[in-house]
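Here you go, sequence then predicted model.
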Amino acid sequence: LAMPPGLVVLDIKASSGLRAMRHALEVDDVSKVYANELDTKAYAALKRNVALNDLEDKVEVMQTDARILMLQKPEEYDVIEVDPYGEPVAFLDSAVQSVCDGGLLCVTSMGLNNLCAQVPEICWAKYNTQPLISREGDYSSEMAI
């Protein structure tokens, strides 16, 4: 099967759909956005917001486990948004397998203090690694990603 022209975007934890809808409305080369949300209340808001913005043709709303969703379609997506409510670590393996060659994997984490040596013990406990420390300046936030 041939892919439709344009970029295919997956927002794995779309919540109310703001970012998914912005992709659909503001990025000219986007042909399809898949907006996934497992939480029942957030899923209802997502569906409502997509309908209110008349984006049903461009944004497909789903309610499933994001890790399974990504593993079902390896190398399917040009852009994957990983912005969970907590740490993104649980989604990274599936996301790396699901983003196409040359694609864009966008990861947001509120836990950069752990990776940036603010609390080395937590970095070790959560990630089994040493925190990132830059010797040439404090670029650890940029290095964490």
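Thanks, I have the structure now.

any idea of the mean pLDDT in whatever helix or strand residue 20 lives in?
Using DSSP states H and E, the element containing residue 20 is helix 18-26. Across helix 18-26, pLDDT averages out at 96.

So which elements touch that helix?
Other elements packing on helix 18-26 under the criterion 3 or more Cβ pairs under 8 Å, 6 or more residues apart in numbering; DSSP states H and E are strand 7-11, strand 30-36, helix 40-52, strand 59-62, strand 77-82. (Glycine included, C-beta is placed from N, CA and C.)

how does it look with 7 Å?
Secondary-structure packing of helix 18-26 (3 or more Cβ pairs under 7 Å, 6 or more residues apart in numbering; DSSP states H and E): strand 7-11, strand 30-36, strand 59-62.

Please identify the most buried of these.
With neighbours taken as mean count of other Cβ atoms under 10 Å, these reach their highest mean count in strand 7-11, at a mean of 25.

List the contacts of that strand.
The contact list for strand 7-11, computed with Cβ atoms under 7 Å, 6 or more residues apart in numbering, reads 19-20, 23, 29-36, 76-81.

Apply 8 Å and report the result again.
17, 19-20, 23, 27, 29-36, 69-70, 76-81, 83, 98 (Cβ atoms under 8 Å, 6 or more residues apart in numbering).
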